[in-house]
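J.: what's the 3D shape of this:
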Amino acid sequence: MKPNIIVAGILDTKGDEIKFLAEQINALGGNATIMELSPGAEVGWADIGLSDLLKDIDKTPADLFKVDRHQAAAWVTEAAIKKAAELLEAGKLDGIIGFGGSMGASINAAVMQSLPIGVPKMLLTTMASGEVRPYVGTKDICMMYPIAEAGLNSLTKQILTNAAGGIVGMASAPKLPAEDSKPLVGCMMFGVTTPCVLRASAFMESKGYDVIINHAIGTGGMSMEEMIESGFVKGVLDITTHEIADEMLGGVLSAGPNRLTAAAKTGVPQVVTPGGLDLINFGPKDTVPEEYMKQTDLPGRSLYEHNPTVTCVGVLPEEAYEIAKNMGGKLTEAIGPTAVCIPMKGWGACDTRIPNKDLGWAGPDAGPSWVSDPDHPEWSLRSKRFVEGIKESLDLSKPNVEVLIVDRHMNEPEFADLLSKILNDMLDGVWEKGQYTGQPGIEVL
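T.: The predicted model follows:
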């Protein structure tokens, strides 16, 4: 059966290119349907014309032409999202491809972001050679740079033909057999927590789960929250939560204010640690705020140049306390099993008291973000203040919420084993609050 491909764009300015793209899709084995996204004029030849599109929101082309282009585009976007959902529900959308400049890309991207993960999505736009986060968002959108914004010639025809082959191929891909589907565990990872994540996820896989490991770069955390809310994820190893530090302290890898809320709200079992929360992330060194550059002599605030495009600044113990209060407030809302595990000997590769290659830091000295607790030199002062913030903000009287203070470093195998064992017990329905009371190296709050 031929896959049904929606070909969308602003036809009064990109009509020839979109028509050619649809023809190539048909020639390559797809069934193309052209959907008009024109906010300024109706061409009259689209399979889904502007008039038809706007009916879903009780508007007409005449309404669009009376308002500014921004409002007109907003109405077209709203209508196109509704139409795409309708076509998907009716089994008439197996994939979508859009072509356009900045306006066409913006409308197309919003429509694609509204569709479920797994529906093939391809966006051809010159905006692909730039900052693409607004267009991709948290969805599996393939962006392709078409070289030119408009015009049909030997070069652009080949590019459009390649794109047509891409979307037809994606939409024709076989569906995975049902027996290959396993319960999905979500996990967050950054370079500094990699050893912990890989060991914990391998354990979960050995227990019959699939593990999706998101990169904690802002969009990764946003995607994880969305997957949890959508019901894809059955349990969460939230090992790497540093996106919260970036949100609160001005770093570039924020996942927004709703990070760490979806599992709490939906009741999905979660095991949470402060992985990577010793660092605030910026771009090249000259992008680090002057305020932070002036504080590098403070305990814990040291500068770490990971590479020419990534510079990290240490989180102060007092900031860790405030971050803990933020996290504790969110986790207090949890309705499902929730364990917070705090490794007192460091939160990642840069947070090590002595060089240890197995933990991710080869030295020659302590990790750049390390700061010792004067009362317990093998423990981090940042960890101590984090515990205090959690105690103040998290309702520890709840039977489904527990905090474990662990005499380990984040990347020690024993800590990874503890996290995965707790989550596995939660998913098996055998986890009980207090079951680790009295075990060596673990204090239960």
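J.: CA atoms for contacts and neighbours, from now on please.
T.: Fine.
J.: what stretches of this structure score poorly on pLDDT?
T.: Applying pLDDT under 70 to the chain flags residues 178-180.
J.: and it, what are its domains?
T.: Per automatic domain parsing, the structural domains of the chain span 4-172, 178-444.
J.: Could you dump those into JSON lines with mean neighbour count added?
T.: JSON lines is the format used below for the domains of the chain (neighbours: other CA atoms under 10 Å):
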{"stretch": "domain 4-172", "mean neighbour count": "19"}
{"stretch": "domain 178-444", "mean neighbour count": "20"}
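J.: need the longest helix for this structure.
T.: helix 69-89 (DSSP state H).
J.: Against which helices or strands is that helix packed?
T.: Applying 3 or more CA pairs under 8 Å, 6 or more residues apart in numbering; DSSP states H and E, one finds that helix 69-89 makes contact with helix 50-54, helix 61-64, helix 102-114.
J.: now the angle between helix 102-114 and it, please.
T.: Orientation check (axes from the mean of the first three to the mean of the last three CA atoms, to 10 degrees): helix 69-89 against helix 102-114 gives 40 degrees.
J.: Please identify which helix or strand holds Ala339.
T.: In this assignment (DSSP states H and E), Ala339 forms part of strand 338-343.
J.: Residues contacting that strand, please?
T.: Strand 338-343 has contacts (CA atoms under 8 Å, 6 or more residues apart in numbering) with 269-274, 331, 383, 387, 400-410, 415, 419, 422.
J.: Which members of these are positioned in helices?
T.: Residues of the contacts of strand 338-343 located in helices (DSSP H): Leu331, Ser383, Val387, Phe415, Leu419, Ile422.
J.: so what's the third one up against?
T.: Shown here is Val387, whose contacts under the criterion CA under 8 Å, 6+ apart are Tyr321, Ala324, Ile342, Ile405.
J.: What of the fifth one?
T.: By CA under 8 Å, 6+ apart, the contact list for Leu419 reads Ala200, Leu237, Val271, Cys341.
J.: again, 7 Å this time
T.: Residues in contact with Leu419 (CA atoms under 7 Å, 6 or more residues apart in numbering) are Ala200, Val271.
J.: Does the spatially most central residue of the chain lie in a helix or a strand, and which?
T.: In the chain, the residue lying closest to the centroid (CA atoms, centre = their mean) is Gly220, at 2.2 Å. With elements taken from DSSP H and E, the one containing Gly220 is helix 219-229.
J.: Can you name every helix or strand that that helix contacts?
T.: Packing partners of helix 219-229 (3 or more CA pairs under 7 Å, 6 or more residues apart in numbering; DSSP states H and E): helix 262-266.
J.: Show me what the helix it packs on is in contact with.
T.: So helix 262-266 is contacted by Glu225, Ile228, Glu229, Pro269, Gln270, Leu331, Glu333, Ala334, Ile335, Gly336 (CA under 7 Å, 6+ apart).
J.: hang on, the earlier thing: of all the helices and strands packed on helix 69-89, which one is nearest Asn258?
T.: Of all the helices and strands packed on helix 69-89, the one in closest proximity to Asn258, counting by CA to CA, is helix 102-114 (18.1 Å).
J.: counting contacts, what elements does the closest one pack onto?
T.: helix 69-89, helix 133-136.
J.: Alright, I will stop here.
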